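Visitor: Here is my input; please provide its structure:
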Amino acid sequence: MRIRTLVWREIFQRKNQLVTSFLAILIGITAIVSIKNITFYSEKAVARELDALGANILILPKSVTVQNYYSADMHEEVFPEEYVDRLVLSDLQGLDNLSPKLTIPVSIKGRDFALTGILPKNEFQSKAMWKGAGIFSQPAGCGVVVGSLTDNSPSKETLVRKRVIETLGEYEVLVGSDAASILEIKQGDTLQMFDKTFSVVSILPQTGTVDDSRIFTHLHTVQGVAGKGSVVNAIEIVGCCNAISQGLVQKINTLLPEAKVVTITQVVETQIKTNKMMSQLSLLFLIIIVLVGGISIANYMYANVFERRKEIGTLMAMGAGSSFILRIFLLKALLLGVCGGIGGYIAGTILAVTLGPKLAQIPVLPMPMLMVWAIALSTVIALAASYFPARHAAYLDPSATILEV
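Guide: Numbering: from 1, shown residues only. Alright, predicted model coming up:
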């Protein structure tokens, strides 16, 4: 008789005990898969929200006191633009969308505004030493898909969030909504500043921040009219929150000891705490499945060995070796683990897709990679829990078991 036939018959002759062990594995895998699935999409949703807030790290001159994070560049202190070179050429992980800027006051039609110089994306790409730095791609592991974050975003919204725009001419400006309303200008109009004529290429959407009253133009233009050379008074960075939690700010401080590095700690901590909570919850369920599932399967296998002592002894008396007996029990455990993993993945995915939008207010989609993970986990637990009972069965004394009354 083939080993597969023996295993198949054994499974169906002890269905009640098998169902109990199967349910222990199934429920545990279901819980882990559903939590992992919801956590994955929850992290993506949080990352998108943080991305919408824009820069979360700000590099300033050492002497500047930060009163308001979003207007921290409104000062006269400056530092060399060369700091950007250091950042781009460093091996720091988690930097994204570096935006050096220089803000100076400007008077237009008798009203005072803030003129902010920024570098458009094409300036970064044209500079030889910055090519291939990948500073416009979200770092891996930050909760969003790796790739350009500006490709699918309108230039105006991208500029407001991250000070990033594809192209910007030397005498072109983007005007905040409040400034445009005060100056009564619209896209296509011109502005006179510093005895030069600037073309208004766009009116920015309202944000409710100081950006609404700003005017943006090319960084080198502002440097020219300010007469201070290649300097900036702030560098904004969209930093990966995972990297920030692992000491990114301290690493930047080490790289730029002459500067001050500040971050929106409460925003960063929000994602970090959420991610840690979900990870700890997944770990808790993993421990539960290992303990409950493993103990249940081990108990089932030991009981099965005890009940089948005579049959095992008979098989061994007929010439079956210890390895053959061991394979019978381990193959049964393998089938139990695979079926539990597949069933747990299906049930967990259905649970996540159904409850995700209700519990986390986010859309949740199936994750095929979790099936591989679920099957591997449940199989390892089933085989590990079955090894010692199977080994015990493989080394039973045939004569002693056959003669038992």
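Visitor: what about E43, helix or strand, and which?
Guide: helix 15-53 (DSSP states H and E).
Visitor: Quick check: buried residues in that helix?
Guide: Along helix 15-53, these residues count as buried under the neighbour rule (16 or more other C-beta atoms under 10 Å): 18, 21-22, 24-47, 50-51. Every C-beta, even on glycine, is put in place using the N, C-alpha and C of the backbone.
Visitor: Quick one: name whatever helix or strand follows it.
Guide: Later in the chain than helix 15-53, the nearest helix or strand by DSSP H and E is strand 57-61.
Visitor: Please identify the pairing partners of the helix or strand following that following strand and their relative orientation?
Guide: Next helix or strand after strand 57-61 toward the C-terminus (DSSP H and E): strand 79-80. Next to strand 79-80 in the sheet, as set by DSSP bridges, lie strand 231-232 (antiparallel).
Visitor: Mind listing residues that contact the strand it pairs with?
Guide: V78, F79, P80, E81, Y83, V84, P100, K101, L102, L219, Q223 (C-beta atoms under 8 Å, 6 or more residues apart in numbering).
Visitor: Can I get the buried part of those residues as one PyMOL selection?
Guide: Selecting only the buried entries of the contacts of strand 231-232 in PyMOL, with 16+ other C-beta under 10 Å as the criterion:
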select buried, resi 78+79+81+83+84+100+101+102+219+223
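Visitor: With pLDDT and distance to P257 as extra columns, can I get the contacts of strand 231-232 in CSV?
Guide: Output for the contacts of strand 231-232, formatted as CSV (pLDDT from 0 to 100; distance: C-beta to C-beta, whole Å):
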residue, pLDDT, distance to P257
V78, 89, 17
F79, 91, 12
P80, 91, 13
E81, 89, 17
Y83, 90, 11
V84, 88, 16
P100, 90, 18
K101, 89, 21
L102, 92, 22
L219, 92, 24
Q223, 92, 24
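Visitor: Could you export the contacts of strand 231-232 as a markdown table, including distance to T116?
Guide: Output for the contacts of strand 231-232, formatted as a markdown table (distance: C-beta to C-beta, whole Å):
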| residue | distance to T116 |
| --- | --- |
| V78 | 13 |
| F79 | 16 |
| P80 | 18 |
| E81 | 15 |
| Y83 | 17 |
| V84 | 16 |
| P100 | 11 |
| K101 | 5 |
| L102 | 7 |
| L219 | 9 |
| Q223 | 12 |
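Visitor: mind listing the strands for this structure?
Guide: Under the criterion DSSP state E, the chain contains strands at 57-61, 79-80, 95-108, 111-118, 172-175, 190-193, 196-203, 214-218, 231-232, 234-239, 259-263.
Visitor: tell me the most buried of those strands?
Guide: The highest mean neighbour count among these, using mean count of other C-beta atoms under 10 Å, belongs to strand 234-239: a mean of 25.
Visitor: Give the pairing partners of that strand; include direction for each.
Guide: strand 57-61 (antiparallel), strand 95-108 (antiparallel).
Visitor: quick one on the thing from earlier: let me have the strands of the chain in CSV, extended by distance to S322.
Guide: Formatted as CSV, the strands of the chain follow (distance: least, C-beta to C-beta, whole Å):
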stretch, distance to S322
strand 57-61, 63
strand 79-80, 75
strand 95-108, 59
strand 111-118, 74
strand 172-175, 79
strand 190-193, 90
strand 196-203, 79
strand 214-218, 78
strand 231-232, 75
strand 234-239, 59
strand 259-263, 62
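Visitor: Quick check, pLDDT for G143.
Guide: For G143, the pLDDT comes out at 47.
Visitor: and what of V222?
Guide: The model's pLDDT for V222 equals 93.
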